[in-house]
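Chemist: build me a model:
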Amino acid sequence: MLEKIRGLWPDGTVPKVKSFKMYEVDETLRLFVSDEISAVQVNEGIVPFLGRPELVQKFPSVTVDMGAVRFVCNGAKVLRPGITAFDSFKKGDIVAVKDQTHGKMLAVGLALEDSEAAKSMAKGYVIDNLHYIGDKVWEAYKEI
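Modeler: This next block holds a predicted model:
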């Protein structure tokens, strides 16, 4: 599992890990926890757990306006009109989503477009939201 994560995440984001604990939230969601890192497996994607902001900050991000926050925190895909700022990323990269006012991490997902292509778009989906604050994994972690 650790090698799979290293292959998907940017270089330098995965430290040496002695062991993981795996929690199955449902058939499609798993939470992996260790002292060093936490990850969420959603179907075939593995993204960092939002409860570890120091880890999530190592990934490229987009900033959304405050009007998009409630939709993102309900699991919606991130639409181009709601994005106010971009880091550089490629299609298929793991991207964090943060709010414009506080810079708080709201969600993590997979880029559906390159950042350069997304900047020139007027509308359309940019990020597929895989894990967000308040989802099943977030709530399950509170009970662990």
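
Chemist: next, the buried residues of stretch 108-117.
Modeler: Residues of stretch 108-117 classed as buried by neighbour count (16 or more other Cβ atoms under 10 Å): 108-115. C-beta coordinates here come from the backbone N, C-alpha and C atoms, glycine included.

Chemist: which two among the residues you listed are spaced furthest apart?
Modeler: For the buried residues of stretch 108-117, the farthest-apart pair by Cβ to Cβ is 108 and 114; their separation is 17.9 Å.

Chemist: which helix or strand contains residue 11?
Modeler: Residue 11 is part of no helix or strand, with elements assigned from DSSP states H and E.

Chemist: so which bits of the lowest-mean-pLDDT helix or strand in the chain are buried?
Modeler: Within the chain, no helix or strand scores below helix 2-8, which has a mean of 88 by mean pLDDT, DSSP states H and E. In terms of neighbour count (16+ other Cβ under 10 Å), helix 2-8 has its buried residues at 5, 8.

Chemist: quick check: closest non-adjacent residue to the residue nearest in space to the middle of the chain.
Modeler: In the chain, the centroid-proximal residue (Cα atoms, centre = their mean) is residue 108; its distance is 1.4 Å. Distances taken as Cβ to Cβ, 6 or more residues apart in numbering put residue 47 closest to residue 108, at 4.3 Å, once the chain neighbours are dropped.

Chemist: quick one: the strands in this structure, in order.
Modeler: Assigned strands in the chain, in chain order: 21-24, 29-33, 38-42, 45-48, 61-64, 78-79, 83-86, 94-99, 105-111, 125-132 (criterion: DSSP state E).

Chemist: run the chain-centre distance for the shortest one.
Modeler: What it means is strand 78-79. 13 Å (Cα atoms, centre = their mean, to the nearest Å).

Chemist: the residue nearest to residue 108 touches residue 105, doesn't it?
Modeler: No - when contacts are counted by Cβ atoms under 8 Å, residue 47 is not listed as touching residue 105 (11.4 Å).
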